[in-house]
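[1] Sequence first, then the predicted structure:
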Amino acid sequence: QLHLAESGGGSVRPGGSLTLSCEASGFTSAYTAIGWFRQAPGKEREGVSCITSSGTTNYADDVKGRFTITRDDAKQTVYLQMTGLRPEDTATYYCTPVVVIRTCLFSSSRDVWGQGTQVTVSS
């Protein structure tokens, strides 16, 4: 059974850093592109970053240069290193397998999501 578990969220001040983890199980995650999404209160869920099985990455414009996505297939885990955090990054962050067409896209391929991890950025 497909299962995703996000962790690593917390509360930080503007300019701070956090690293989120997405642990996958129940499928051949090593061959699957994984994406991070976020949803702030009252807003729609939006794509943040994704990574293909070969390591090709994609980032939303407002996180480029601040966030870095990586994967460790031996641990079946995808990481999202976030630096230079801003109050507008405050949201619940989720991971999910994503569609790949030449590169990974911000579209869930299986509509399976973890429970999310909360990131709060405030002074």
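    Alright, I've got the coordinates.
[2] make it CA atoms for all contacts and neighbour counts henceforth
    OK.
[3] Please name the spatially closest residue to the residue nearest to the spatial centre of the chain (chain neighbours excluded).
    For the chain, the residue lying nearest the average C-alpha position, counting by C-alpha atoms, centre = their mean, turns out to be residue 36 (2.2 Å). Nearest non-adjacent residue to residue 36, counting by C-alpha to C-alpha, 6 or more residues apart in numbering: residue 95, 4.5 Å away.
[4] Same question for residue 84.
    Closest to residue 84 by C-alpha to C-alpha, 6+ apart is residue 15, at 4.1 Å.
[5] hang on, the one you found packs against residue 88?
    No. Between residue 15 and residue 88 there is no contact under C-alpha atoms under 8 Å: 11.7 Å.
[6] can you give me the strands in the protein?
    Taking DSSP state E as the criterion, the chain contains strands spanning 3-7, 10-12, 18-25, 34-39, 46-51, 57-59, 67-72, 77-82, 91-101, 103-108, 117-121.
[7] Between strand 34-39 and the third one, find me the angle.
    Relative orientation of strand 18-25 versus strand 34-39 (axes from the mean of the first three to the mean of the last three C-alpha atoms, to 10 degrees): 120 degrees.
[8] what do you get for the fifth one?
    On the basis of the same axes, to 10 degrees, strand 46-51 is oriented at 160 degrees to strand 34-39.
[9] Name the strands paired with strand 46-51 and say parallel or antiparallel.
    strand 34-39 (antiparallel), strand 57-59 (antiparallel) (DSSP bridges).
[10] These: which one's closest to residue 74?
    Residue 74 sits nearest to strand 34-39 of all the strands paired with strand 46-51, at 14.8 Å, using C-alpha to C-alpha.
[11] For residue 113, which non-adjacent residue is closest in space?
    Leaving out its chain neighbours, residue 113 is closest to residue 96 (C-alpha to C-alpha, 6+ apart), at 5.4 Å.
[12] and the one you found, how many residues sit next to it?
    Neighbour count for residue 96, taken as other C-alpha atoms under 10 Å: 27.
[13] I'd like the strands paired with strand 46-51 as a markdown table, with distance to residue 24 and mean pLDDT appended.
    Below are these laid out as a markdown table (distance: least, C-alpha to C-alpha, whole Å; pLDDT from 0 to 100):
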| stretch | distance to residue 24 | mean pLDDT |
| --- | --- | --- |
| strand 34-39 | 9 | 97 |
| strand 57-59 | 18 | 97 |
